[in-house]
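**Student:** Return a 3D structure for these sequence lines:
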Amino acid sequence: MRHKPQHPIMSLTRRRLLQGTLSSAAGLVAWYQGWPRLRTAAAQKREPSGQMTWAVHIQIAPTWFDPAETPGIITPFMFMYAMHDALLKPMPDNPMAPSLATTWQESSDGLTYDFELRQGVKFHNGDPFTAEDVKFSFERYKGTSAGDLKQKVKAVEIVNPHYIRFQLHEPWPDFLTFYATPAAGVGWIVPKNYTEKIGSEKFKEQPIGLGPYRFVHYQPGVELILEANTDYWRKVPHVKRLVLKGVPEATTRLAMLKKQEADVAYALFGALGEEVRRDPNLKLEPVVPPTTQWIVFTYQQYDPKSPWYDKRVRLAANHAINRQAVNESETLGYSIPTGSIMPRKFDGALPLEPYAYDPKKAKQLLTEAGYPNGFDARDCTVDIAFTGLGEALVNDLTAVGIRTTMRPMERAPDQAAHREKTHKTLALQGSGAFGSAATRLDAFVASKGAQSWIKDPEIDAWYAQQAKERDRKKREALLHQIQQKLYHEVRFIPIWELGGLHASGPRVAVSGVGLIPLFAFSGPYEDVQLNS
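**Tutor:** Below is the predicted model of the structure:
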């Protein structure tokens, strides 16, 4: 007899697998009533029209087009929300909205997860979406947390073409957090037949998905052109063509917005944000996603010959940073200074205040550590989109005697350097990915994490223990223990939870910025609109 899954709300209210915002009454009501509602006749007849252009703050890399390669940051989802779709994903009225899966359930013993799949859905090339594609996408996934997922999932069983079952070796409270949110890209689906035929490298050049927009053209690093998928299951997109332009220079992004060469521009920090706020033709659209940023000491903190080996030096660097002043100058006060790499709203997060700005104490600590005249810390690598932040941090460090120079780097190679552990000096790091304290620790703290610079067997043991713990309070205690140790041993220089400053121009009716709670960019793209 076929097993009919219960409504997902039953398992998710029983154990909160996501951050606290999951339990919002509006989201749960919409969920229970069967979001999304059927299209209206008018929506079915409406034809997309017009072109909308984004000036994005990175060089566009094709690795962002393949869900299998997501690196534990939010950047790829800027493109995946357009071209691809997931079984479940955050949406405006629900942080875990049924998308390619219509219902799902977790078994009482925590070992089985069943998903009922949406029927009648087709990939952009016309191939039907089935459980085969779900299994294939899981098996080819190699992005962040792939090791945990492959190790903990015992089997992926295709019950029938529209029903799939995941069986675990043992209960894993974080399974849905990894699988059903952008903490990882494993739940975003690619076409099995097409991908096997063309190969993974070619797939990045000619991606095929299930999303509201289909791939048209990519100019390496510079431009991605997409056209509306009028057969998208949720709704017909309003805008016919989307153009995403990679524009690393912030002043150029603002100039494009003013000239209406772009309709939305990302990451306009500092004086540029002020300029947007003063311009009556532009709209400042700030967002505060779960994006924390911090400086890592790389592996220098474990080298006895390095100044960073001494905890007093790491503490001095924390006391050197005037976080609130940087907040006011760079993000107009929208950011939240923090003492953790963990967003406060994440399930399992331990709220930690930053070490106080105290340059006098910083100099005293350096003297006690044997560096009365400071020392040469060489480069501090910074994502090119955050050069204003980088300059402020470098200036504060230099002011207390930690002499360093900012080295800007494009996002894709910077991410590769964190992943491959080739950064040799200080480096700015961050993530805006969804998830929980456990998912953030998995990517950036566990020794085998995709971008972790931490080597601590005790933390690894605690992390493994919490992953098996089904008692919520005991699990939270272990997660807090890890975060407290990181704070006490000063393993990072946490800066803030970033307040992103985006802007839209006069042609825009709905930019999509802020529609999906905690999402850093525009989305869902089928909801963006131009003025008629």
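**Student:** quick one: contacts for residue 223?
**Tutor:** 60, 217, 243, 244, 245, 246 (C-beta atoms under 8 Å, 6 or more residues apart in numbering). Using the backbone N, CA and C atoms, a C-beta is placed for each residue, glycine as well.
**Student:** how does it look with 10 Å?
**Tutor:** 53, 60, 217, 243, 244, 245, 246, 247 (C-beta atoms under 10 Å, 6 or more residues apart in numbering).
**Student:** For residue 347, grab phi and psi.
**Tutor:** phi -60, psi 130 (degrees, to the nearest 10).
**Student:** Could you verify my assumption that it touches residue 466?
**Tutor:** No - in this structure residue 347 lies outside contact range of residue 466 using C-beta atoms under 10 Å: 11.9 Å.
**Student:** Overlap of the contact sets of the two?
**Tutor:** 173, 174, 437, 438, 475, 476, 479.
**Student:** Need the max-distance pair from those residues.
**Tutor:** Spanning the widest gap among the shared contacts of residue 347 and residue 466 are 174 and 476, at 12.8 Å by C-beta to C-beta.
**Student:** Just give the nearest non-adjacent residue to residue 390, would you?
**Tutor:** residue 382 (3.3 Å; C-beta to C-beta, 6 or more residues apart in numbering).
**Student:** And the pLDDT for that neighbour?
**Tutor:** pLDDT, the model's per-residue confidence, is 97 for residue 382.
**Student:** Could you spell out which stretches of this structure belong to which domain?
**Tutor:** Following automatic domain parsing, one gets these domains for the chain: 48-84+211-287+500-532, 87-189, 292-497.
**Student:** thinking again about what came up before, name the residues linked to the residue nearest to residue 390 by a beta bridge.
**Tutor:** When bridges are called by DSSP bridges, residue 382 pairs up with residue 408.
**Student:** who's in contact with it?
**Tutor:** So residue 382 contacts 293, 295, 388-391, 393-394, 406-409, 414, 426-429 (C-beta under 10 Å, 6+ apart).
**Student:** about what we covered before: going by distance to residue 47, which of the shared contacts of residue 347 and residue 466 wins?
**Tutor:** For the shared contacts of residue 347 and residue 466, the nearest to residue 47 is residue 174 (42.8 Å; C-beta to C-beta).
**Student:** The closest one is in contact with residue 464, isn't it?
**Tutor:** No - counting by C-beta under 10 Å, residue 174 stays clear of residue 464, with 12.0 Å between them.
**Student:** Could you name every residue contacting both of the two?
**Tutor:** residue 148.
**Student:** Compare those two (neighbour count), which wins?
**Tutor:** Counted by other C-beta atoms under 10 Å, residue 174 and residue 464 do not tie: residue 174 has more neighbours, with 24 against 12.
**Student:** can you tell me which residues contact the more buried one?
**Tutor:** Going by C-beta under 10 Å, 6+ apart, the list of residues near residue 174 reads 17, 145, 148-149, 152, 183, 347-348, 435-439, 442, 466-467, 475.
**Student:** Residue 118 now?
**Tutor:** 85, 87, 98-103, 129, 162, 210, 233-234.
**Student:** low-scoring stretches of the chain, by residue?
**Tutor:** For the chain, the stretches with pLDDT under 70 are 1-45.
**Student:** Need the contact partners of the helix or strand hosting residue 155.
**Tutor:** Using DSSP states H and E, residue 155 sits in strand 153-160. When contacts are defined by C-beta under 10 Å, 6+ apart, strand 153-160 is touched by residues 2-3, 111-117, 130-132, 134-139, 163-170, 172, 175, 179, 186.
**Student:** try 6 Å this time
**Tutor:** 131, 135, 138, 164, 165, 166, 167, 168, 169 (C-beta atoms under 6 Å, 6 or more residues apart in numbering).
**Student:** Between strand 153-160 and the next helix or strand along the chain from it, find me the angle.
**Tutor:** Downstream of strand 153-160, the next assigned helix or strand under DSSP H and E is strand 163-168. When axes from the mean of the first three to the mean of the last three C-alpha atoms, to 10 degrees is applied, the directions of strand 163-168 and strand 153-160 differ by 160 degrees.
**Student:** What is strand 163-168 packed up against?
**Tutor:** strand 112-117, strand 153-160 (3 or more C-beta pairs under 6 Å, 6 or more residues apart in numbering; DSSP states H and E).
**Student:** Would you mark the buried spots in the longest one?
**Tutor:** When neighbours are counted by 16 or more other C-beta atoms under 10 Å, the buried residues of strand 153-160 are found to be 153, 156.
**Student:** List the neighbouring strands of that strand plus their orientation.
**Tutor:** By DSSP bridges, strand 153-160 pairs with strand 163-168 (antiparallel).
**Student:** The following helix or strand past the strand it pairs with: how far from the chain's middle?
**Tutor:** The C-terminal neighbour of strand 163-168 among helices and strands, as given by DSSP H and E, is helix 175-179. Distance of helix 175-179 from the chain centroid (C-alpha atoms, centre = their mean, to the nearest Å) equals 14 Å.
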